[in-house]
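1. Return a 3D structure for these sequence lines:
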Amino acid sequence: VRRDTAATRKHQNTMQILGPAPARRVTSVTGSGPPPTQHLDVGTTISSPHQSEKQGSRASMNDMNKMNLTEDVVLPRDLITAHREGDLVIFVGAGASVDPPARLPSFKELTRRLAERASVPFEETIDDNGKKVPQEPREYDRFLGAMPKNFDLRRHALELVSPPDSRPNPTHEAIMRLSAAYREPRVVTTNYDDHLAEAAAAAGIDLPARWDAPFLPQGDDFSGLVHIHGSTKGVQRGVVLTDEDFGNAYLSNGWATRFLVPMFRRYTVLFVGYSLGDLIMRYLARGMSAETRCYALVSEDKAARGDWERLGVQPIGYPVHKRKDGNGNHDALVKALQAWDRFARMGEKKHRNRVKAIIEAGPESLGIVDHDYLMFRLEIPAGARDFTKGTWTLPPEKAWAWLRWIDGNITEFNTAFKGESTSESTNELL
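-> All right, here's what the predicted structure looks like:
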């Protein structure tokens, strides 16, 4: 209501403050009324300023469509919003069960171990000396489908994915905690092991329901845990291993497809524990369409491959370092999932403490994680109110520095002085 003249007068006052030195204490008027209930936070630790390659330019730090929850992982805002609104399905693959203490095989490794048990060599090829040598099969489902008829394939496979010393790992726990942060968990997996359910029980998370193939729920209206390819707890005929099994699940009988098509249409999907070359991704693609909203947390080198777009999946990369034993270290993935879970669970009191700690540290100490968090909070009236209240007791020099930061980062802050309409959260800053 107080536009033009009042706004111009306020702009003149502001420009005086933005001069070469602070002329007076910066104060702010906040709105009245209780703030809306929020449940988001990223913890209370101030992130240190990054090196230039980590921190990036102002343009990269002001990408409003993405958010750094850790220094290594950048999540799309649409994905975070889908989670907050209860529209996210976490789709878990074999890669989630590889790290200790689970130590379970990938589908490739499972195929190799089954071949050893059946005394069947991998497909043969001819080496340079004209000698037949075993090689890795190109298509594991067909290879398993050609196993001897007297070999109980499903029984041996279920034994190999349920050794007595295998237990849920931090990835399982982080996935289940994140899935239950706002509402009832909604998790789908192609894994046969029971570690996701075990991790949920250990964390005190109640699963509203559990389904094991071929008995699946309605894809566009479910919650709980779905083993779309069967599990150690389900019936053996629901375990999908061979090309015939996949054909039955996705084509002739089609119970997997009937679940997936409405699921992909209704929900945003986040893949964890898959790679682009996985056999299972080829079958899952049958349920995707142009309407699909899919993301995949994958290693940075795999994220760089352009084939993800062909499947309609947006890759989210994270760094993987080599362990001493030669295996990949996926700690960055676990830390990102844990940070996201903390972000989702914390309420207004911890938000206020978080904003206060950032304000007291000053904009010169603002790393990319704190930057993105603060930008997120300033979009919410309650967060903007916390920010303005936090600046009241600052020394003039630090208050002046924050005003300069607001002027350079909040676009609406400048448009307000042109008589244009602004959001409620920006009005809290004026």
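2. pLDDT weak spots in this protein?
-> For the chain, applying pLDDT under 70 flags the ranges 1-63, 123-128, 130-138, 286-287, 289-290.
3. Tell me where it has strands.
-> For the chain, the strands defined by DSSP state E occupy 66-68, 74-76, 88-92, 124-126, 132-134, 186-189, 210-212, 224-227, 268-272, 293-299, 313-318, 321-322, 328-329.
4. who wins for proximity to residue 373 among those strands?
-> strand 66-68 (7.8 Å; CB to CB). Using the backbone N, CA and C atoms, a C-beta is placed for each residue, glycine as well.
5. The closest one: which residues count as buried?
-> For strand 66-68, burial by neighbour count (16 or more other CB atoms under 10 Å) applies to 66-68.
6. do stretch 227-247 as well
-> Result for stretch 227-247 [16+ other CB under 10 Å]: buried residues 227-232, 234, 238-243, 245-247.
7. hey, C-alpha coordinates of it in PDB?
-> Backbone C-alpha positions of stretch 227-247 (Å, rounded to 0.1, in the frame of the first residue of the first chain) are rendered in PDB as follows:
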ATOM      1  CA  HIS A 227       9.900 -55.500  -3.100                       C
ATOM      2  CA  ILE A 228       9.000 -55.400  -6.700                       C
ATOM      3  CA  HIS A 229      11.300 -58.300  -7.600                       C
ATOM      4  CA  GLY A 230      10.500 -60.400  -4.600                       C
ATOM      5  CA  SER A 231      12.500 -61.000  -1.400                       C
ATOM      6  CA  THR A 232      13.800 -63.500   1.100                       C
ATOM      7  CA  LYS A 233      10.500 -63.000   3.000                       C
ATOM      8  CA  GLY A 234       8.100 -63.500   0.100                       C
ATOM      9  CA  VAL A 235       7.100 -66.500  -2.100                       C
ATOM     10  CA  GLN A 236       9.800 -67.900  -4.300                       C
ATOM     11  CA  ARG A 237       7.700 -67.600  -7.500                       C
ATOM     12  CA  GLY A 238       7.900 -63.800  -7.000                       C
ATOM     13  CA  VAL A 239      11.700 -63.700  -7.200                       C
ATOM     14  CA  VAL A 240      12.700 -62.200 -10.600                       C
ATOM     15  CA  LEU A 241      16.100 -63.500 -11.800                       C
ATOM     16  CA  THR A 242      15.900 -64.900 -15.400                       C
ATOM     17  CA  ASP A 243      14.800 -63.500 -18.700                       C
ATOM     18  CA  GLU A 244      11.700 -65.600 -18.400                       C
ATOM     19  CA  ASP A 245      11.000 -64.000 -14.900                       C
ATOM     20  CA  PHE A 246      11.500 -60.500 -16.200                       C
ATOM     21  CA  GLY A 247       9.300 -61.200 -19.200                       C
END
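8. Just give the number of residues close to the nearest residue to residue 249 once chain neighbours are set aside.
-> In this structure, residue 249 finds its nearest non-sequential neighbour in residue 256, 4.0 Å apart by CB to CB, 6 or more residues apart in numbering. By other CB atoms under 10 Å, 26 other residues sit near residue 256.
9. Could you verify my assumption that residue 256 touches residue 215?
-> No: contact criterion CB atoms under 8 Å: residue 256 and residue 215 do not qualify, at 11.7 Å.
10. got a list of what the nearest residue to residue 145 once chain neighbours are set aside touches?
-> What sits nearest to residue 145 in space, not counting adjacent residues and going by CB to CB, 6+ apart, is residue 242, at 3.6 Å. By CB atoms under 8 Å, 6 or more residues apart in numbering, the contact set of residue 242 is 141-142, 144-145, 147, 153.
11. Filter these down to the buried ones and hand me the ChimeraX line.
-> Buried subset of these, written as a ChimeraX selection, criterion 16+ other CB under 10 Å:
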select :141,144,145,147,153
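12. Go through the contacts of residue 242 and say which is closest to residue 381.
-> Closest to residue 381, out of all of the contacts of residue 242 and judged by CB to CB, is residue 141, at 53.5 Å.
13. Leaving out chain neighbours, which residue sits closest to that closest one?
-> Nearest residue to residue 141, sequence neighbours excluded (CB to CB, 6+ apart): residue 243, at 4.2 Å.
14. right, and the one you found touches residue 140 too?
-> No: taking contacts as CB under 8 Å, residue 243 lies outside contact range of residue 140: 9.2 Å.
15. ok so, going back, which two among the buried residues of stretch 227-247 are spaced furthest apart?
-> Spatial extent of the buried residues of stretch 227-247 (CB to CB) is set by the pair 232 and 247 at 22.9 Å.
16. hang on, the earlier thing: could you measure from the residue nearest to residue 145 over to residue 90?
-> Distance, residue 242 to residue 90, using CB to CB, to the nearest Å: 27 Å.
17. Please apply the same query to residue 224.
-> Taking CB to CB as the measure, residue 224 falls 12 Å from residue 90.
18. cool, residue 332 as well?
-> Distance, residue 332 to residue 90, by CB to CB: 17 Å.
19. Check residue 428 too.
-> According to CB to CB, residue 428 stands 35 Å off from residue 90.
20. joint contacts of residue 224 and residue 90?
-> Joint contacts of residue 224 and residue 90 (CB under 8 Å, 6+ apart) are 186-187.
21. When these two are compared, which one has more neighbours?
-> residue 90 (23 against 19).
22. Assess the claim that the more buried one and residue 270 are in contact.
-> Yes: Residue 90 lies in contact with residue 270 (CB under 8 Å); the separation is 5.2 Å.
23. What is the end-to-end distance of stretch 158-176?
-> Terminal residues of stretch 158-176 are spaced 23 Å apart (CA to CA, to the nearest Å).
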